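Visitor: Could you work out the structure for the sequence below:
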Amino acid sequence: MCLHSTLIVTFQGIFLICFFPISGSWNVIRADGGSERNCSAIPPYLPSTVVNTTLRLQALREAMSSFNVSAYIIPGTDAHLSEYIAPRDARMAFMTGFTGSAGTAVVTLKKAVLWTDSRYWVQAERQMDCNWELERDVSISSITDWLIREVSDTDNIGIDPFLFSIQTYESYSYYLVPAKLMLKSIPDNLVDRVWTDRPLIPPDNLIRLPDRVVGRTWQMKVEHIRTQMTDNPYKPTAVLLSALDETAWLFNLRGNDVPYNPFFYSYTLLTLNEIWLFVHKDRVTEDLKLYLNSTCFLAHCVQLLEYEQVRVMLKNYMTTPGVKVWIGTEYTNYALYELITPEKLLTSAYSPVLTTKAVKDETEQRILRDAHVRDAVAVIQLLMWLEKVVPEGTETEMTAAYYVNECRSKQKDSRGPSFETISASGPNAALAHYSPSNATSRKLTVDEMYLVDSGGQYLDGTTDITRTVHWGTPTDMQKEAFTRVLMGNIEISRTIFPSGTKGVNMEMLGRRALWEVGLNYGHGTGHGVGNYFGVHEEWRPLFHEQVVSLPEPGYYKENDFGIRIEDVVVIVPAHTKYGHKYLTFETVSLVPYDRKLIDTSLMSPQQLQWLDNYYLTIRKLMGAELDRQGLTEEKKWMLKHTVPFQSATASAAVSPLSLTLTALATALLHNLL
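Guide: Reported below is the predicted structural model:
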């Protein structure tokens with residue numbers, strides 16, 4: 001409700017202006033939904049998308065004073081350093097109004113500042129009120145430089161140690177200690193104290209995976225990790241698991257605590273003869289207790305403790321003589337790390353569970369292939385539907401996103417999307433991580449390119465696929481850019497490499513065709529993929545039986561269009577002339593690329609041959625699945641879009657570009673391994 005208002009008539013229409021007093025000044029909100037705030041205007045201008053944070057900041061500053069801290073740092077993560085967080089962990093968003101997935105907020109007794117990267121600058125200016133300043137940076141050095149200027153050397157800087165990784169804490173200390181500023185660890189989060197309507201933990205019970213999708217029992221996995229402990233020359237007596245997917249993988253359990261991810265709040269302390277699982281016990285059914293052998297205290301009995309007891313239990317364990325705890329530093333928070341004395345600590349970047357989980361067993365590979373076949377049905381249904389309805393001018397980015405989610409929901413074992421669908425047309429597609437909203441959704445037209453990056457969660461797999469299409473007449477530049485993105489995708493997909501190659505070493509192959517004409521893209525070229533887990537997993541060296549979303553090149557022309565192609569691949573043995581156990585990729589995403597955007601004159605015969613072979617695979621696997629589901633029209637669409645590009649008698653001559661790429665890949669891998 002407006003405290004004071006007036007009407008302004010312009011040539012664009014009639015707007016209602018609302019005036020809100022904030023921090024002793026007047027902020028202005030235009031009810032038409034405007035774009036970005038203007039805090040330097042008199043009175044200040046705010047769009048209707050901002051959040052009034054005055055009372056929240058006032059309450060937080062009172063809590064800060066009670067703990068004798070002059071500044072408080074609010075990261076945008078949770079206690080498990082997760083990529084996706086539950087609504088109850090969105091503390092940065094609650095305090096700032098900014099809902100982007102990357103950023104850090106800092107509140108002093110007089111100022112409030114948000115740091116975020118270029119993906120979110122516009123969003124931040126649309127969501128934050130004038131209590132907040134925006135720093136267009138994400139580096140810790142930028143934050144600490146600001147803190148050094150704003151607080152005195154006698155002040156404390158408060159943090160919740162559960163929300164800081166080990167490296168992040170040490171980085172802050174590196175910059176602050178020389179300035180005689182100290183971080184004060186406050187495990188009782190101050191934002192939680194003032195967040196009166198903080199979302200609750202979902203009441204859903206945990207579930208166990210069906211036996212048909214499990215290749216290794218939890219007891220087998222426990223023994224495998226214990227074997228790694230005993231084989232380790234430093235002889236750890238326990239492994240502490242902090243990342244949510246670690247515990248879920250170890251016990252073949254899933255939950256519903258985090259959007260798009262089948263995780264549940266948990267920690268695990270695994271020793272050579274005991275197992276402690278920290279979880280919200282009221283959500284563990286009697287059947288699950290029986291499944292976990294939770295009533296006994298032997299080596300294969302899981303003792304259930306409350307989630308909040310992890311610090312107390314770890315502290316008690318550290319008093320035992322001769323213990324040594326193995327942690328993965330990437331996902332262990334500082335609140336647990338600070339309890340482990342150095343002589344009782346063993347570290348590696350990733351825990352043995354995360355490195356083991358990355359390699360899929362035979363059952364996991366088989367079922368994830370099945371999941372991708374069913375998932376491709378949903379994406380084919382989307383693209384076929386859009387091809388029909390876009391010329392009618394009735395559909396939008398949001399309706400397209402709803403449609404593909406609905407198509408997936410009808411497939412066997414569907415458990416919802418694996419991330420928020422990126423459905424973007426025209427200039428919106430030039431924003432690599434854009435997702436449509438009521439305020440931003442554009443109508444789809446035949447005159448613009450359209451990018452859809454979406455994925456699904458299934459009991460037997462996690463999918464992630466991106467396709468870019470054009471329903472009208474693309475420009476020559478659009479066709480060339482798309483084709484060069486596709487060439488990068490193919491060059492990665494067809495490459496052969498030694499076991500242990502780092503995923504980042506594939507980057508140049510994905511960018512080479514773009515670089516040749518002065519184009520590039522500003523994001524990574526791939527990531528690991530879970531198996532009914534998170535859609536993003538950490539990069540590690542590439543080994544046999546890993547599953548990755550590696551070919552993910554793109555190109556984005558600001559305010560015009562965006563292109564991205566993304567497939568999920570399985571790492572499989574390559575059949576080479578001289579053997580040596582080299583590897584290659586098998587693409588398990590099964591949706592054709594838009595023929596209208598492919599300029600075959602730019603491509604080598606080898607690239608076209610790879611594309612034709614891929615299309616033959618799609619025809620074989622998807623033809624059978626579409627027949628099984630009785631989707632005749634979808635099968636006709638698929639066959640139309642997978643017609644071979646080369647005839648059987650096409651020239652097999654090697655192009656100069658192919659020779660260059662082959663030599664480049666060989667030299668790159670030889671030098672970097």
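
Visitor: where exactly do the strands run in the stretch 551-673 of the chain?
Guide: For the stretch 551-673 of the chain, the strands defined by DSSP state E, counting those that start in this stretch occupy 554-557, 561-564, 569-573, 583-587.

Visitor: likewise the stretch 251-400 of the chain?
Guide: Using DSSP E, counting those that start in this stretch, strands in the stretch 251-400 of the chain cover 253-254, 267-271, 275-279, 302-306, 325-328, 345-348.

Visitor: can you give me the offset of the second one from its chain's centre?
Guide: For strand 267-271, the distance from its own C-alpha centre to the chain's C-alpha centre is 25 Å (C-alpha atoms, centre = their mean, to the nearest Å).

Visitor: Paired strands for that strand, with orientation please.
Guide: strand 238-241 (antiparallel), strand 275-279 (antiparallel) (DSSP bridges).

Visitor: Which positions within it qualify as buried?
Guide: Across strand 267-271, burial judged by 16 or more other C-beta atoms under 10 Å covers 267-271. In short, each C-beta sits where N, CA and C put it, glycine included.

Visitor: ok but residue 74 is inside a helix, no?
Guide: No. Using DSSP: H, G, I helix; E, B strand; the rest coil, the secondary structure at residue 74 is strand, not a helix.

Visitor: isn't it right up against residue 108?
Guide: No. Taking contacts as C-beta atoms under 8 Å, residue 74 lies outside contact range of residue 108: 12.0 Å.

Visitor: So for these two, which residue has more residues nearby?
Guide: Ranked by neighbour count (other C-beta atoms under 10 Å), residue 74 and residue 108 place residue 74 first, with 26 against 19.

Visitor: Dig out what the more buried one forms beta bridges with.
Guide: residue 105.

Visitor: Can you tell me how far it is from residue 145?
Guide: 18 Å (C-beta to C-beta, to the nearest Å).

Visitor: ok now stretch 415-426, how far from the chain's centre?
Guide: For stretch 415-426, the distance to the chain centre is 12 Å (C-alpha atoms, centre = their mean).

Visitor: Tell me which residues of that stretch come out buried.
Guide: So, applying 16+ other C-beta under 10 Å, buried residues of stretch 415-426: 415, 417-426.

Visitor: First-to-last residue distance for it?
Guide: 30 Å (C-alpha to C-alpha, to the nearest Å).

Visitor: Please name the nearest non-neighbouring residue to residue 292.
Guide: Closest residue in space to residue 292, ignoring its immediate chain neighbours: residue 302 at 3.9 Å, by C-beta to C-beta, 6 or more residues apart in numbering.

Visitor: What's the per-residue pLDDT of residue 664 here?
Guide: With respect to pLDDT, residue 664 scores 44.

Visitor: Could you chop the protein up by domain?
Guide: Domain assignment for the chain, taken from the TED database, gives 53-194, 209-358, 362-642.

Visitor: Next, format those domains as JSON lines and append distance to residue 46.
Guide: As requested, the domains of the chain are exported to JSON lines (distance: least, C-beta to C-beta, whole Å):
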{"stretch": "domain 53-194", "distance to residue 46": "6"}
{"stretch": "domain 209-358", "distance to residue 46": "28"}
{"stretch": "domain 362-642", "distance to residue 46": "14"}
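
Visitor: could you dump these to JSON lines with distance to residue 203 and mean pLDDT?
Guide: Below are those laid out as JSON lines (distance: least, C-beta to C-beta, whole Å; pLDDT from 0 to 100):
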{"stretch": "domain 53-194", "distance to residue 203": "13", "mean pLDDT": "95"}
{"stretch": "domain 209-358", "distance to residue 203": "7", "mean pLDDT": "97"}
{"stretch": "domain 362-642", "distance to residue 203": "17", "mean pLDDT": "94"}
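
Visitor: What ranges does the stretch 101-250 of the chain have for its helices?
Guide: 121-127, 140-150, 166-176, 190-194, 218-231, 244-251 (DSSP state H, counting those that start in this stretch).

Visitor: now for stretch 156-172, what's the gap between its first and last residues?
Guide: End-to-end distance (C-alpha to C-alpha), stretch 156-172: 13 Å.

Visitor: And it, what's buried?
Guide: 156-166, 168-169, 171-172.

Visitor: Same check on stretch 89-109?
Guide: 89-101, 103-108.

Visitor: Give the helix, strand or coil label for the closest residue to residue 259 other than its chain neighbours.
Guide: Nearest residue to residue 259, sequence neighbours excluded (C-beta to C-beta, 6+ apart): residue 84, at 6.1 Å. The local conformation at residue 84, judged by three-state DSSP, is coil.

Visitor: now residue 92
Guide: Secondary structure of residue 92, per three-state DSSP, is helix.

Visitor: contacting residues for the nearest residue to it once chain neighbours are set aside?
Guide: Spatial nearest neighbour of residue 92, chain neighbours left out: residue 76 (4.1 Å); criterion: C-beta to C-beta, 6+ apart. By C-beta atoms under 8 Å, 6 or more residues apart in numbering, the contact set of residue 76 is 85, 90-93, 100-105.
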